Structures are given as structure tokens and as C-alpha cells.
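**Q** A predicted structure for the sequence below; I have some questions about it.
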There are 2 protein chains.
Amino acid sequence: MSAVETAVSPLERLRTLLAEVADLQHAESIADWDSRVSMPPAGAQARAELSGTLSRLAHEKFTADELGGLLDELRDLDTDSVDAALVRVTRRLYERAARIPGELAGEMAEANGLAVAAWDEAKARCDFSIFLPHLERQVELKLRYIDCFPPEEGSFYDVLLEDYEEGMTTDEVTRVFARLKEVLVPLVQRKRDANGEVVLQGPFPVAAQEQAGLLVLQGFGYDPLSWRLDETPHPFAAKPGAGDIRLTTHTNEDDLTSLFSTMHEFGHGVYEFDIDHAYARTPLGGGASSAIHESQSRMWEYLVGRSAGFWRWFYPKLQPLFPEQLGSLDEMSFLRTVSAVRPGLIRGDADEVTYGLHIILRFELEQELLSGTVAPAELPELWNGRMMEYLGVAVPDDAHGVLQDMHWSIGLFGYFPTYQLGNVISVQIWERAESELGDLEQQFERGEFSPLREWLREQIYRHGSRYPPRELLRRVTGSDLDPEPYLKYLQTKFA
Amino acid sequence: MSAVETAVSPLERLRTLLAEVADLQHAESIADWDSRVSMPPAGAQARAELSGTLSRLAHEKFTADELGGLLDELRDLDTDSVDAALVRVTRRLYERAARIPGELAGEMAEANGLAVAAWDEAKARCDFSIFLPHLERQVELKLRYIDCFPPEEGSFYDVLLEDYEEGMTTDEVTRVFARLKEVLVPLVQRKRDANGEVVLQGPFPVAAQEQAGLLVLQGFGYDPLSWRLDETPHPFAAKPGAGDIRLTTHTNEDDLTSLFSTMHEFGHGVYEFDIDHAYARTPLGGGASSAIHESQSRMWEYLVGRSAGFWRWFYPKLQPLFPEQLGSLDEMSFLRTVSAVRPGLIRGDADEVTYGLHIILRFELEQELLSGTVAPAELPELWNGRMMEYLGVAVPDDAHGVLQDMHWSIGLFGYFPTYQLGNVISVQIWERAESELGDLEQQFERGEFSPLREWLREQIYRHGSRYPPRELLRRVTGSDLDPEPYLKYLQTKFA
């Protein structure tokens, strides 16, 4: 077969170009996973250069005139078809990406590699000054990025939100978060004053935690043919190609949070795994948005993973792995302990009630940092002050404060809010799932997670990015973004 | 800084383009390493597509007209300079690569991914038929590859040799191998008849073997900041970027061959590690040729790793790791055992004397396969017959026969001979090293490997591909390729 002799339709040609871009992005994903799981530290400089190149090439290919021309040719497809969705989604990304010079895309990717290594070291040594120049660089790059877009009526921060959450505005997030604050701040306050809960007594040996994590994943439907689980300082999920799902978790002997991290990353992984394979190597082959994605990680971590039904199934499996630590603790006391509202330092370990405040703090600081009212060097002090104000906790060092998350080291500004939007959405979806599937807790108690997973696959996962997030949410729940179900859920559970 | 305003010299521009190509190749190396060490099996299809894309893009970039134009502009550099070497090496590769259509390059890379997975399965299930269609495809692709070059005066096989060994011809290899056969076949025959050596009695627990491997590497100068060691079915070494060296080994409870595989891969790794960092991301940043590379793996595995001096240092460290298995075996008996001439099935486990015959068999079969006198389906029978003829061993199944090596699954035809040329060269270099460094065995006995390593770094490693292999060999040893020192060494040691 020769490409010259065969007439290639615009759609086929578009798919060929998109597959190339997807392969470059997947190569970057492999390089990134490798750098966090496998790479010897001295490889960081070369890896940063490599990521820069891959990112720049993907960007150049994606923003090439040919691709723009094909999108124009394909303007008039039947709007209900998958092909039309492909063109719509691609066009939206194309129009945004075309604003970013390849040089800047490469600089951003390269800066990430170096900044992650510096962040890692800074966190290990509790020394913010190691990370500071990289944070300054990330802020500078992000401002150059924002400048590529025309000034909006709303906030400059809308540009960043739009990257992760199509159609979301700073105003809307501010409004939703204000409503959450109204309820959460007094709820946290009341909880903080109510002492006397049981606290888990470790140590919990790492090997047994790993075993426990795998047992949970097997129950949820983890297949080693397609999945793997590793240990990293910051848990994440990656899909470097169809059928290849990588989860990581972070294990700490002091507690069992690795279990919940594993469930969280499973939610991301199962979403990606269940996307229709026909969408592979196209922009339809990922989740609908960050908040929808987070709704799934939070659903598996909290709505499933902290339910009484789940623990009636799993506690009898967990207890024998930690006979000394859990032998005398019954299942409901254990569940109370791992669900307790306990204002703390670390977002990743936060309970359902305080979690939102960790996010709101970041949402505010990011806007202040990027608008220039706060300099990167001032961040630790500001962070510590606001942690006291919102959560009443004193930050002992930057590793447990401003350095705890890797996001800013990879230029992820505007991403944090989607975690909390994900919490909000997760309860909206959960209510609908329960109304269709009956008592989920009873199913979990019998170790049956596939009815929920299948329902989610059918309703959400398989569609990938075919529908914009707002439309998907309406299709699934019949409603728009709404914080009330989430607040009702928290108040019922914790008030 | 703007690229438009700054005058970029042709050399700078060339280096920029070459760095892009190198990054794509390194990305492929990461993807390949990952697929062999980390990837869940279901990722194979997507990974094959991805490797195809990376390979095609690297090929397109490397064969672009702009690069050819720059090479023309840079024709007249001072011939002794590094820049001139860069242009010479790049031009040679460019002129070869420009003959290969990007489509074919991509098809070859894609076929490799699928064929490796099939080979893996075929080997595990002892079923050649699983691998057969992939071998047929590899032969077809290799013939299309050969057809891209003008017919040579000598053999079509010269095209393949030239890829791995600049300036080497099929005639010369045939001549050297004929000379080896003269000596090796009767030597093996005599040795086969002399029975009654001690054989190691396992099992040797995997964890202790891993510990032993790390001890050897630490002695040789392995630094975990830059190196890592993993377990794979087929050992290999990779450098996915400057400062990032990955070795793998294969551990088998029945014996201690993993130790020698580790030393072998160390030789590849240390060569790559010690290449001048100024050559990174250019075609100078790899070894001079496959045979020179193999001379180093074989040197560390055999000339160092089977020397009495090495074992006087290492045996007291190894023995306590296997008290039951080695407790009653003295050091010299152990060394005799691991050096014994014992015709066997597996090339990777072969002793110094029989090794060459494993290679000569493959050299012959490859030529027959590609010339069409043998069909891929006939290979197992032919393989088994010739193993009996040359080594007197009966092949029980294809996993221990034609399926043992992964090379053909990744289209590596023409590569095997370089292993044996490496053996020949290793002794030429060793003689020179001993004449300059004094008694190496005495140094090894004291755990001193750095004088040898430093000498090799100075003489060979740091130069990367700066000198063509023949010139490098002459610079180091004062002589051309010569089988006599190697034969003398074998005869002294084994006759």
C-alpha cells in the first residue's frame, strides 16, 4: 500500500496526525512515570531536556497548519456522531494550543523536570530555598502562558481553570467555595473541640500495607495483566497507553493512609482503563475533565472506601495482616477512626470535612501568587498563617506545609480547585447511582463492586472526553454543578 | 532571546537538530526498557505503536534535507577536531539512514514491539509457532531494508554488518571465524571427553544472588546515583540519557550465571557511563561499534570476572552468602567450575571456548535465512541439527534452542558476529592494558579495579564514537583485528 496512491479521507488523515501526537504524549507519560518510579537521580538533567523535546514536538505537531486545515474541512459533521465530538474536542484544544509558541511549551516541560527534582530535594531536606528559584520560574512561565490568551472579562485565572475544566470560571468556583466555607468552617470548629477519638497505633509494616492495598484493588477489579502498583513519594495514576494503567501509592509506617491513596488512584485508573478503546490515540481517549476525574478518585476513596459496607467486607481481611495493631479494635471503631474529622497539616491525608479548606487555601494563594500580590519567597509565611486561620493548625516545617504537594513544581496552577469540585460532583453522581442500583453498601458488604463499576463505566467512563463535563454531568445526574448534595452528605455524616 | 534575532552557526544548528533526534531515541530507549522491566503485558499493542511513531519521527528528523544541507556546509572542518568527527560520524549515519523510507523505519520499530511480546510468550510456552509469523515478518522487513542499499561487491550481509561494525565485511568475519573454528572445534572435542569436573550444587536463593551481584558492581564502581539493576528474562544494558545507566540480569536458582550476566552488562554500562559528557545528545555519545562494546562486556565478564585475582578478592565475600552450597568448596575449585568448558544449550551461559561456536552457528543461519535457502519454519530443525554437529548437544525444546535469544525478535540480524569479534578484540586490548598497568590480577586481589577502569576510560570509553572502530583499535593496541592473541589465550588457559 502506498500513501500516494490511496485516497486518504480528511478524517483518516486527522486520526493519523492525532495518533502521532498521542504517541508523543504517551512517551512523555512513560518518561515522567519512569522519572518518578525508576530513574537514578543523576538522570534528571537529561530527562528534563528529553521531556522538553517531546513536549515541544507534540505541540508543534498538534498546532501544525495541516491539522487546522483538516478541522476546517470537517466542520460540518453530524453533531451527534463520535467523529463530530472528535472534531469539536480537537478544535477546542487546537485553538488553545495554537496560542502557545512551541518554544514556551518546551521550556515549560523542561522546567518541570528540573523543578520536580528540586522539589523532591527541598521537601526531603525541609528547605524551601532549594525550591524557590524553580517556583519563581514556574510562576514566570505561567504568566507568559496566560499572556498568550486574550484578556477575559473575568479573572486571568479563568485561563488556567479552562485547561482542566471546560467552561468553569473563577467566579463560579469562588461562589461554590464560599458556600462550602459557610458550612465547613463552623463544622470543623465544632469537630476540633470534640476530642477523645481513638487514634490508630502503628507501626504498620510496609509489606503488610502493600498486601492490603493489593487486596482492595483485587476486590475493586484490578487485573495484573493491565495494571501495576508502585511506591512513590507522591501518589499518582498514569496511562502511558491503552491497556496499561499505573498506580502509585505512598506508604508510611505510622498509619494506613496508603490504603486510601491506593483507592483514590484506583478511581483515576479505572476511569482511564474503561474508556472505549476506539478512542485510543485521540483527544477523546482521556477523562472528560479534571473535576470529573477527581469525582471518581474521591468516590472510590471516600464514598466507597469509607463506607460501612466496604469495611464490613474488608476489615476481616485487614485485621489478620495487623494482628497486634488492630486485633483489639472492632470494625466500627476502626471506621470511625479513619473517618474522623481531625484538622491536620497534609491535604493528602485530610478527612472529608477539612479537605475542602486545604483546597480553598490553595485556590486563594494561587491567585495571589499569579496576580503578584504575593511573591514566591513570601509563600511559606502566608501558608502557615492561613493554615492556622482556617484549620487551627501550626505548621512545624515547610515539608509539612508549602512543600507538601508536587503540583506547583510541574506548573499545575488552577488544578487544585478541581479536587474539591470533584468532591462536590462525586456526591451528585453517587445519589444517582444509589437511586438506580439500590443499596450499594449491601453490595459492598458482599464484596460486590462490579455493579457500581459497570454503572459508572456505562454512564461515564466509556465516553472518555466525548461530552463536555457540564453536559456529561447533566446526562448522568440531570442537574448542573450543585454543592448542596455534598453539604447534605457531610452534615448527615458528621453533624 | 529570540532565535530570529540571534545568528545561529551551522554547527550550533546541527547540534540542536541532533539533540532532538537523540531525545527521541532516548525516549524510545525508555519505552523499551519500560516494556521489558515494568509494563503490564496488555500494554504491548499500544507500546508497539508508540515505538513505531518515535522511531519514524527520529528517522524523519535525522534524514531531513536541512540536516543534509548543514553537513554539506560543514564539510571542511579541521579533520582532527571533535567537530569534524561529529560531522563525519553524522554524515555516515545520515547517508545510510536517508536510504530508508520513514515508513519502513516505523514499520520495523512497530514490528519489534509485537515480536518481542510474541517471542516472550513463545519461549515461555516452548512453542515456536507463536513466534514464527513474527520471524517471517522480521525477515521480510530486513530484506526490504537491505534492498534500500546498492548491491555490494561482497555479500548482501555486509549491509547488516556495517550497521553495527563500520568497515567490517562478511568476508573478513568468515575468515576470522574459519580460523577460530580450526582451533575451537578440536579443543571442544577434547574437553567434552574429559569429564569429572565439580558441578555447582544449588539452589542458590535469588535474594542472595542479587546481593552478590550488587557487591560485584560496587567493587567495579557502581554508583546508585546513576545506576540501577533489575531482573529481566534477557539481560541488557541501556542508557536512556547521560548519567542514567540501567543494567538488567537474569537470576536462576540453579546456578550463579546471574553474577556473570551482571558483570557483562556492567561492561556495557561503564563504557556508556564514561563517555565524555560533552558528546551527549550527539551521534558521538555512544560506543565506537558493537564489537568494541562487546569487547568491554566480555572483558569484565571473562578477563576480569573469571580471573584468579578477582576470585581471591570476591570468593570470601560470596561464600558467606551461600554457606550450604559453597561452604565446603575452595576458591580455586569454584573458579575451575565456573570456567569449565562444558558444551551446553544456551549461548548466554556458554564458557569461553564453546561460546564462539554458538555465534558461528548464528552467523551461518542468519545468512541462510536471509538468502532464502532456509525458510523461517525450517529454522528449529536446522538449529537442532547444527547444535549436535558443532557442540554435540541435543536440543530438548525450542526454548533452549532457536527461541533462546531475543535478537531476531527485534530485527537484530548481523549483530551476533560482533559478540565474537568482541571476544577477539577484548584479548588484544587486555594484552596492552597488562603491558601498561602491570599485574592486573594482583590489583584485583586487593579489590582494585579502578586502575583498569581508568585506563579503559582514558583509552576507549571517553572517546565515544569519535574514532572509527578500526582506528580506535589501532590507537589502543597498535594492531588491526587479529584472532591470534585470543586463540593463544584460550590455548594457554584450556589446552
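**A** Great, that's in hand. Numbering: from 1, shown residues only, chains lettered A, B, ... in the order given.

**Q** Show the contacting residues for the residue most central in space within chain A.
**A** Centroid-nearest residue in chain A, with C-alpha atoms, centre = their mean: A:Glu294, separated by 5.1 Å. A:Glu294 sits next to A:Thr418, A:Tyr419, A:Leu421, A:Gly422, A:Asn423, A:Ile425, A:Ser426 when contact means C-beta atoms under 8 Å, 6 or more residues apart in numbering or on different chains. Just so you know, the C-beta spots here come from the backbone N, C-alpha and C atoms, and that holds for glycine as well.

**Q** any idea which helix or strand carries the third one?
**A** Same thing as A:Leu421. Assigned by DSSP states H and E, A:Leu421 belongs to helix A:416-437.

**Q** Just the pLDDT at the nearest residue to A:Glu352 once chain neighbours are set aside, thanks.
**A** Among residues not flanking A:Glu352 along the chain, A:Tyr302 sits closest, at 5.7 Å (C-beta to C-beta, 6 or more residues apart in numbering or on different chains). A:Tyr302 carries a pLDDT value of 95.

**Q** Show me the strands in the stretch 201-350 of chain A, by range?
**A** Secondary structure of the stretch 201-350 of chain A (DSSP state E, counting those that start in this stretch): strands at A:227-231, A:237-241, A:244-249.

**Q** Who are the contact partners of the closest residue to chain B within the stretch 301-450 of chain A?
**A** Residue of the stretch 301-450 of chain A nearest chain B, by C-beta to the nearest C-beta: A:Ile410 (18.1 Å). For A:Ile410, the contacting residues are A:Asn112, A:Ala115, A:Val116, by C-beta under 8 Å, 6+ apart.

**Q** ok, A:Ser9 - how many residues close by?
**A** For A:Ser9, the neighbour count with other C-beta atoms under 10 Å in any protein chain shown is 11.

**Q** And A:Tyr489, by the same measure?
**A** A:Tyr489 sits with 20 neighbouring residues when counted by other C-beta under 10 Å.

**Q** Now do the contacts for it.
**A** Applying C-beta under 8 Å, 6+ apart, the residues contacting A:Tyr489 are A:Val427, A:Trp430.

**Q** Let's see the host helix or strand of it as PDB, backbone CA atoms only.
**A** According to DSSP H and E, A:Tyr489 maps onto helix A:484-494. Output of helix A:484-494 as PDB, limited to C-alpha atoms (Å, rounded to 0.1, in the frame of the first residue of the first chain):
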ATOM      1  CA  GLU A 484     -26.000  21.100  48.200                       C
ATOM      2  CA  PRO A 485     -26.000  17.200  47.900                       C
ATOM      3  CA  TYR A 486     -22.300  17.200  49.100                       C
ATOM      4  CA  LEU A 487     -23.100  19.500  52.000                       C
ATOM      5  CA  LYS A 488     -26.100  17.500  53.000                       C
ATOM      6  CA  TYR A 489     -24.000  14.300  52.900                       C
ATOM      7  CA  LEU A 490     -21.300  15.900  55.100                       C
ATOM      8  CA  GLN A 491     -23.900  17.300  57.600                       C
ATOM      9  CA  THR A 492     -25.700  13.900  57.800                       C
ATOM     10  CA  LYS A 493     -22.400  12.100  58.300                       C
ATOM     11  CA  PHE A 494     -20.600  14.500  60.700                       C
END
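
**Q** State the mean pLDDT of that helix.
**A** For helix A:484-494, the per-residue pLDDT averages 94.

**Q** next one: stretch A:309-325
**A** The average of the pLDDT scores along stretch A:309-325 is 97.

**Q** Let me see the contact set for the residue lying closest to A:Arg137 once chain neighbours are set aside.
**A** The spatially closest residue to A:Arg137, leaving aside those adjacent along the chain, is A:Ala111, at 5.4 Å (C-beta to C-beta, 6+ apart). By C-beta under 8 Å, 6+ apart, the residues touching A:Ala111 are A:Ala48, A:His134, A:Arg137, A:Gln138, A:Leu141, A:Gly411.

**Q** neighbours of the fourth one, just the number please.
**A** This points to A:Gln138. A count of neighbours around A:Gln138, defined by other C-beta under 10 Å, yields 24.

**Q** Equivalent analysis for the third one, please.
**A** Other residues within reach of A:Arg137, judged by other C-beta under 10 Å, total 18.

**Q** Same list, the contacts of A:Glu294, but as TSV with neighbour count, pLDDT and distance to A:Asp163 please.
**A** Formatted as TSV, these follow (neighbours: other C-beta atoms under 10 Å in any protein chain shown; pLDDT from 0 to 100; distance: C-beta to C-beta, whole Å):
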residue	neighbour count	pLDDT	distance to A:Asp163
A:Thr418	25	97	10
A:Tyr419	23	95	15
A:Leu421	29	98	14
A:Gly422	23	98	16
A:Asn423	27	97	20
A:Ile425	30	98	18
A:Ser426	26	98	21
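
**Q** so which of those residues would you say is closest to A:Phe156?
**A** Distance to A:Phe156 across those (C-beta to C-beta) is lowest for A:Thr418, with 17.7 Å.

**Q** Quick one: neighbours of the residue nearest to the closest one when sequence neighbours are not counted, just the number.
**A** Using C-beta to C-beta, 6+ apart and skipping residues adjacent in sequence, the residue nearest A:Thr418 is A:Ser290, 3.7 Å away. A:Ser290 has 24 neighbours, counted by other C-beta under 10 Å.

**Q** For A:Ser290, which residues are in contact?
**A** A:Tyr164, A:Glu165, A:Tyr415, A:Thr418, A:Gly422.

**Q** repeat that with 6 Å
**A** Residues counted as contacts of A:Ser290 (C-beta atoms under 6 Å, 6 or more residues apart in numbering or on different chains) are A:Tyr164, A:Glu165, A:Thr418.

**Q** Let me have those residues in JSON lines, adding distance to A:Ala7 as columns.
**A** Output for the contacts of A:Ser290, formatted as JSON lines (distance: C-beta to C-beta, whole Å):
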{"residue": "A:Tyr164", "distance to A:Ala7": "39"}
{"residue": "A:Glu165", "distance to A:Ala7": "40"}
{"residue": "A:Thr418", "distance to A:Ala7": "43"}
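
**Q** Could you check how far the biggest helix by length in chain A is from the centre of its chain?
**A** The longest helix of chain A (DSSP state H) is helix A:10-37. Centroid displacement of helix A:10-37 relative to its chain, using C-alpha atoms, centre = their mean, to the nearest Å, is 20 Å.

**Q** what about A:Ala350, neighbour count?
**A** 20.

**Q** I meant to write A:Ser155 there.
**A** The tally of other residues near A:Ser155 (other C-beta under 10 Å) stands at 17.

**Q** ok, the residue nearest to it when sequence neighbours are not counted - contacts?
**A** Counting by C-beta to C-beta, 6+ apart, A:Ser155 lies nearest to A:Thr170, which is 3.9 Å off, once chain neighbours are set aside. Contact partners of A:Thr170, counting by C-beta under 6 Å, 6+ apart, are A:Gly154, A:Ser155, A:Tyr157, A:Asp158.

**Q** Looking at these, which two lie furthest apart in space?
**A** A:Gly154 and A:Tyr157 (8.2 Å).

**Q** Those two: which has the busier surroundings?
**A** Between A:Gly154 and A:Tyr157, counted using other C-beta under 10 Å, the more crowded position is A:Tyr157 (23 against 14).

**Q** Next one: that one from chain B, what distance?
**A** 29 Å (C-beta to the nearest C-beta, to the nearest Å).

**Q** hang on, isn't that residue packed against A:Leu369?
**A** No - using C-beta atoms under 6 Å, A:Tyr157 makes no contact with A:Leu369, being 10.5 Å away.

**Q** Contact residues of the stretch 201-350 of chain A facing chain B?
**A** For the stretch 201-350 of chain A, the residues in contact with chain B (C-beta under 6 Å from any C-beta of the partner chain) are A:Leu225, A:Ser226, A:Trp227, A:Arg228, A:Gly241, A:Ala242, A:Gly243, A:Asp244.
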